[in-house]
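[1] return atomic coordinates for the entry below.
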Amino acid sequence: GRGDGGDGGDQIAGEAGDFLRTNSPCFAAQLPDGRLAVATVRNGIAFIRPDGSLERTISDGDGLPTRFITGLFVDRDGGLWATSLAHISRIAASSPTTVFDARAALPNKPYHALAAVGGRLFAATDDAVYELAGGGRQFVPVEALRGPVSALRASPGGLLASGFHSVKRLSGTGATMVYA
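    Numbers count the residues shown, from 1 in each chain. Next up is the predicted model:
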């Protein structure tokens, strides 16, 4: 959206605008090459060129585990990560999608946020934070960040994880309370 309750589809014309109006955009991320990736509630992700034209869309028929995408994150390598209610997917903007689910030791839960700090990728759920480990193939729970976490942010001092009335900072393997 645009912050005024609109669906944002009227700011991009043509086929891209039509797609956005029809599929309820909910999150966007700027890609390093200038394109915009837009997550939708109804039909996956749209890739929009800098001139506003629709490049392509990807959805469950193209390898995404679901059409309902809840968030997007661009990592330092330019890879696009998408969250859904029960999956995390890494999408190379010009190649196939990688889906992380139970096969990567992720529980079937909603994922609220992704953040990268010092080459480490983290995902937040209602009961824990998970880190991508095992050569980028498995997620493991971060013991120091058990409990509900709704937002993650990179900071100079480490990963900030906020939950219900608290903020913790993960530095190395230990967490310190920043606010409670």
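
[2] can you pull up the most central residue in this structure?
    When C-alpha atoms, centre = their mean is applied to the chain, the residue found nearest the centroid is residue 72 (3.3 Å).

[3] how close does that one get to residue 164?
    Distance, residue 72 to residue 164, by C-beta to C-beta, to the nearest Å: 24 Å. To be clear about C-beta, it is placed using only N, CA and C from the backbone, and glycine gets the same treatment.

[4] surely the residue nearest to the centre of the chain is in contact with residue 30?
    No - Residue 72 lies out of contact with residue 30 (C-beta atoms under 8 Å); the separation is 9.7 Å.

[5] helix or strand with the lowest mean pLDDT in the protein?
    Scoring the helices and strands of the chain by mean pLDDT, DSSP states H and E places strand 97-100 at the bottom, with a mean of 71.

[6] that one pairs with which strands?
    strand 88-91 (antiparallel) (DSSP bridges).

[7] list the buried residues in the partner strand.
    88, 89, 90, 91 (16 or more other C-beta atoms under 10 Å).

[8] and for stretch 152-160?
    Buried residues in stretch 152-160, counting neighbours by 16+ other C-beta under 10 Å, are found at 152, 158, 159, 160.
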